[in-house]
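Visitor: Build me a structure from this.
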Amino acid sequence: MRRLLFSLLIILFSLQLNAQGVGFGYQMDIGAKNRFNVPEGYDQNMQSMMHGVFVRWFSNEGRQAHQLYMGLRFDSIGFKNYSSYLNMETHTLENYDVHAYLNRFAWRMGYLKHHQFGGTPGEFVVSFNYGLFYEFTSQMKRKSHQDNLVYKLYSEQNRHNLIFATGIECRFWYFTLGYKFEHMFFDMINHDYVKKLESEPGNGSELRGLQLSPTMSFIYFTIHFDLFKNEYF
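Guide: Below is the predicted model of the structure:
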């Protein structure tokens, strides 16, 4: 923890020497999605929460900001489907309903560029932003309220993802309220692997109908501290 704080202070000091101002803060994002392009007989929903910290530096008389972000993401993904499998004992085709959910934990880091207009930087501004994130899934686990089946996803998932984000926010001195869209470039599920699994209860074959490369909207809130050099204002 001490090393992290020391590294952050070094970064902020270096940026302050070479930029018109610097800032740092904490951000919380909340998002949800209920409509997915899934086959008939399937249903899914997703709730997400993110916690992160960031540093940024300013240019163009405080009207542009460059922001580096690092944080954690937590997803809860509920899904329903109607599956069938070949019972090897009776050699008959049998059906079973799946009503389960996935818990996902991921690390993310990225870069955002802000274009600020209106008001005065450091007091009140409106900011349009866009950027790119890299996300690494540390763990994804299948659970259910209807059965006792719990398993972790390994080859069933794509651990690496790229995300494009764009949004707009209002900054009021030390607080920010914003709204944004994020788009994943890759599906969280490795469908090539899942399709090869034998259809039976208790394995990743029940994930075949999931479509987890969503475009999601988020509301976010930040607490931040921006410092500017006096000669620019």
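
Visitor: Which strand runs longest in this structure?
Guide: In the chain, assigned by DSSP state E, the strand with the most residues is strand 92-120.

Visitor: which other residues reach stretch 191-211?
Guide: Stretch 191-211 is contacted by residues 36-39, 41-42, 44, 77, 79, 81, 83-86, 96, 98, 100, 142, 149, 151, 153, 155-156, 187-189 when judged by Cβ atoms under 8 Å, 6 or more residues apart in numbering. In short, each C-beta sits where N, CA and C put it, glycine included.

Visitor: Now do that stretch: distance from first to last residue.
Guide: 9 Å (Cα to Cα, to the nearest Å).

Visitor: Report the buried residues of it.
Guide: Burial within stretch 191-211, assessed by neighbour count using 16 or more other Cβ atoms under 10 Å, is assigned to 191, 194, 203-211.

Visitor: got the residues you listed as CSV, with pLDDT, secondary structure and distance to residue 109 columns?
Guide: Conversion of the buried residues of stretch 191-211 to CSV gives the following (pLDDT from 0 to 100; DSSP: H, G, I helix; E, B strand; the rest coil; distance: Cβ to Cβ, whole Å):
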residue, pLDDT, secondary structure, distance to residue 109
191, 92, helix, 26
194, 93, helix, 28
203, 83, coil, 33
204, 87, helix, 28
205, 85, helix, 33
206, 87, helix, 32
207, 90, helix, 27
208, 84, coil, 31
209, 83, coil, 31
210, 88, coil, 26
211, 88, coil, 25
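
Visitor: which two in the residues you listed are spaced the farthest apart?
Guide: Within those, 203 and 211 form the most distant pair, 19.3 Å apart (Cβ to Cβ).

Visitor: shaky segments in this structure?
Guide: Within the chain, the stretches falling below the threshold (pLDDT under 70) are 1-19, 84-88, 91, 93-94, 229-233.

Visitor: Show me what the spatially most central residue of it bridges to in the sheet.
Guide: With distances taken as Cα atoms, centre = their mean, the residue of the chain nearest its centroid is residue 73 (5.3 Å). The residues paired with residue 73 through beta bridges, assigned by DSSP bridges, are residue 50, residue 106.

Visitor: Looking at the buried residues of stretch 191-211, which one is closest to residue 127?
Guide: Top of the list for closeness to residue 127, among the buried residues of stretch 191-211 and by Cβ to Cβ, is residue 211 at 32.1 Å.

Visitor: Give me the distance between that closest one and residue 149.
Guide: Here the distance between residue 211 and residue 149 works out to 22 Å (Cβ to Cβ, to the nearest Å).

Visitor: Counting neighbours, what do you get for the residue lying closest to residue 60 once chain neighbours are set aside?
Guide: Using Cβ to Cβ, 6 or more residues apart in numbering and skipping the chain neighbours, the partner closest in space to residue 60 is residue 20 (8.0 Å). Using other Cβ atoms under 10 Å as the criterion, residue 20 is surrounded by 20 other residues.
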